[in-house]
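**Student:** next input, structure requested:
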Amino acid sequence: MSQKRDWSSFEDRVREMASYIWSRPCTPQRVGGVNIDGVTVLDPEIQCFVEITEERSLSKVREDIIKLHTAKAAMFGKGIMARCFCVVNGSTTPAMRDAGEAQHVNVLSFDEFSKQFFDFNRYSAARKVSPFGSSINPLTGDADDTKYVPVRYNVEGKKEDISTKGIAEYLLSGKNVVLLGEYGSGKSRCIREVFNSLSENAVQNFCYPVAIDLRKSWGLRQSFELIRRHFSELGLDGLEGNAIKAFNAKSLIFLLDGFDEIGSQAWSNDSNRLKFIRANSLEGVKDIVRSNGGGCLVAGREHYFPSTDEMFNALGMSHNNTVVVRSKNEFNESELLEYFQNRDIDVDVPTWLPKRPLICQTIGELAEDDFEKMFGEEGDEISFWNHFINVLCQRDAKIHVSFDPGTIMRIFVNLARLTRTKTSNVGPISLAELQSAFEAATGAAPVEEASVMLQRLPSLGRVGAESNDRQFVDIYILDGLRAKDIASISLFVEQGADSATSQKWLNPLDDLGQRVLASDTTLTEKTKLQLAQKAVENGNAVLASDVVASLLRANDVAFDFEDLEIRNGDFLLLSLDERAFSNLRIVESYIGELAFPAKACKRVELENCVAPKVTGVASQAVLPSWIKGLEAEEFDSVASVSRIRKIGLKPAHEILITIIRKTFFQKGAGRKEEALLRGLGMISGKNYSGRILNIMIREGLLTTFKGNEGTVYSPVRSHTRRMQSILDELSASVDPLWLEVDSL
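**Tutor:** Coordinates of the predicted model:
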């Protein structure tokens, strides 16, 4: 079993190493009248003598050299050749080596002596400059040289999480470890850090880490094949034999990255057949794990296997000697900050950005002008999403030359279409549907390498135990893909347009998807409107809703919907505050969030719709007259500072609303300035408060008097109704006070 050796003495350690070097016992013997610490008989005419020197001094080394010379002379008289070694506990000096050379004795440190068994330092140097799995620059394919951000990993069945050093300790104790995680969660980087940790004392522990990228091991069925292929790819052909010897001596700790990336030979929609295919593709991994007995880490995407039992069986592991560790999907705030500091990147992380390691790495690789465009003062989430999805497809295409980013993108888009009709929004997607998505993208059925690609597509996860069905686990990706699917529908290919517009979709676009579609120029806005009209005619109200919602997103040019009517539509978000529009009627539809204030609207009607959330206004009373019979559950609330801050107003408007609420609508004759601004935090320190108070005093809305502890601000009650209107209308307000504060 590969685990840290616990020698009782340095002599035991050296003798055990000698026995592995020469594949024969090394034992103390008396030779020529002197006691030799270790003697190995290679054949009747050749022996090896080893003196083990714990006291690191020149005089002690000379004493041992004399002993070896005496024993060597005695055996020479019997016709036996002796090779002599003096192994020092620590580094050797030139004087020590010179003393030995004069008597044909090799004076070596333990590390130097052990290289005859396995030159780990040579392997380690070559391995560290080669990429670790997908821990690469996603665009160039070069090894990721970014400084590691220490993160923690969850351990199944335990409350406490662990570091990479904790994972290394499990391996040194002889435990097997399965490292699971979604795409881009840092599994390969974890393996790299575990390798570095184990390398520090590899020679002393007689436990040498060997990190193999399984994506380069297609078709290999035996442990020796995987090991030889790995060393050959590193240009270390001369070490292959020693590596096999170390493997047989159970002195290797294996770090095997990407059990989901090793090729299977066929595709099947039959779950039992697919189970066999997965097991067959991992025979080489299973052989390594079982032969090693322990001290193996195998990493892959969690959803690849439908059950833990199948995973353990395919990998050759047992429940009682295996620890399941999971990488966390996202950085926490401190890890995120450290990551960008390590790369000398100054970025205010926007709220919309998922904090996955791969996404952060993608940001770090952006060209300067792209970075400024996407994360500058204005920010451009849509440009970043489009860039990231391209990076994701390029990254996965690098697994095998048979795949190209365009094919993977088309498969993604096809799968996104499939989820439109699912009751659970994100899936499930059956094996047959995976196959159909592949065939639609490529025109051929999946065979050989394609089968593993479909089982491990990023952002797809397992539905549940004992199920081969998949589902999207990343809404950030899915929402944008759905938008790309709509953009790919062409009215000039009637069959495709008829198929999409005639389906009964259940799941509409969310905010991101609407904006991705709005920015996509594959279809002109005129064509998008025609698509919405066709969807209404053919009964796909969700598709029509998606197109209308996207056409209402930020644009300076007014849009004419040409008397389009949507009935029984479904909008997750309907933004009325971004674009002027006309000639649109929405009837008896569901609107998850209705956003005000409405820009210039002409001949627009919303009738008998349901909107659980209405933003931008605070009450039903201020809704425009063209909204009739709206069943609204929640309006923006100004009942407290915390709720005011959730509305999403400009900082100056937040302060104005807070001042109005506390002076006009709370009990008391007035409020001190400190009490007025309590709870607003940093935004109250931007000098807005004093300017807003001065405006309100100037306009006769507030008066002041000196209290015991400073100035007190009191409301002029004759303006109460006006102030109530501002609170109700919020961003829809055209009150001169609101507009003046807006210009601050």
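
**Student:** from here on, contacts and neighbour counts on C-alpha atoms
**Tutor:** Will do.

**Student:** what mean pLDDT does stretch 728-738 get?
**Tutor:** Mean pLDDT, stretch 728-738: 83.

**Student:** please apply the same query to stretch 362-382.
**Tutor:** For stretch 362-382, the mean confidence score works out to 74.

**Student:** can you check stretch 410-423 too?
**Tutor:** Taken as a whole, stretch 410-423 carries a mean pLDDT of 91.

**Student:** same deal with stretch 226-237?
**Tutor:** In this model, stretch 226-237 has a mean pLDDT of 90.

**Student:** which residues sit against that stretch?
**Tutor:** The contact list for stretch 226-237, computed with CA atoms under 8 Å, 6 or more residues apart in numbering, reads 123, 126-127, 130, 212-213, 217, 220, 239-240, 243-244, 284.

**Student:** how about W505, what does it touch?
**Tutor:** By CA under 8 Å, 6+ apart, the neighbours of W505 are 420-421, 540-543.

**Student:** run through the stretch 501-650 of the chain and note the low-pLDDT ranges.
**Tutor:** Within the stretch 501-650 of the chain, the segments meeting pLDDT under 70 span 637-648.

**Student:** just the helices in it please.
**Tutor:** Under the criterion DSSP state H, counting those that start in this stretch, the stretch 501-650 of the chain contains helices at 511-519, 525-538, 541-551, 641-647.

**Student:** the second one: how far from the chain's middle?
**Tutor:** I take that to be helix 525-538. What separates the centre of helix 525-538 from the centre of its chain is 37 Å, taken as CA atoms, centre = their mean, to the nearest Å.

**Student:** for it, packing partners?
**Tutor:** Helix 525-538 sits against helix 494-502, helix 541-551, strand 559-567, with contacts defined as 3 or more CA pairs under 8 Å, 6 or more residues apart in numbering; DSSP states H and E.

**Student:** please point out which parts of that helix sit buried.
**Tutor:** 525, 528-536, 538 (16 or more other CA atoms under 10 Å).

**Student:** list the contacts of that helix.
**Tutor:** 491, 497-498, 500-502, 541, 543-545, 547-548, 551, 561, 564-566.

**Student:** tilt between it and strand 559-567?
**Tutor:** Inter-element angle recorded for helix 525-538 and strand 559-567: 10 degrees (by axes from the mean of the first three to the mean of the last three CA atoms, to 10 degrees).

**Student:** picking up where we left off before, turn the buried residues of helix 525-538 into a markdown table, including distance to R717.
**Tutor:** Output for the buried residues of helix 525-538, formatted as a markdown table (distance: CA to CA, whole Å):
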| residue | distance to R717 |
| --- | --- |
| E525 | 50 |
| K528 | 52 |
| L529 | 50 |
| Q530 | 54 |
| L531 | 54 |
| A532 | 51 |
| Q533 | 52 |
| K534 | 56 |
| A535 | 54 |
| V536 | 52 |
| N538 | 57 |
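
**Student:** coming back round to it: quick one: buried ones out of the contacts of stretch 226-237?
**Tutor:** 123, 127, 212-213, 217, 220, 239-240, 243-244, 284.

**Student:** give me the subset of those residues lying in strands.
**Tutor:** Of the buried ones among the contacts of stretch 226-237, the ones assigned to strands by DSSP state E are 212-213.

**Student:** closest one of the buried ones among the contacts of stretch 226-237 to V203?
**Tutor:** V203 has its nearest neighbour among those in Y123, at 12.1 Å by CA to CA.

**Student:** how about the contacts made by the closest one?
**Tutor:** L236.

**Student:** distance check, it against M317.
**Tutor:** The gap separating Y123 from M317 is 27 Å, by CA to CA, to the nearest Å.

**Student:** out of the helices and strands packed on helix 525-538, which is the most enclosed?
**Tutor:** Burial of the helices and strands packed on helix 525-538 is given as mean neighbour count (mean count of other CA atoms under 10 Å); helix 541-551 ranks first at a mean of 27.

**Student:** what sits up against that helix?
**Tutor:** 501, 504-509, 514-515, 517-518, 525, 528-529, 531-533, 535-536, 559, 566-571, 573-575.

**Student:** could you measure from D510 over to T407?
**Tutor:** D510 is 25 Å from T407, by CA to CA.

**Student:** compare the two (neighbour count), which wins?
**Tutor:** The residue with more neighbours, out of D510 and T407, is D510; 23 against 15, by other CA atoms under 10 Å.

**Student:** so what's the more buried one up against?
**Tutor:** 479, 571-573.
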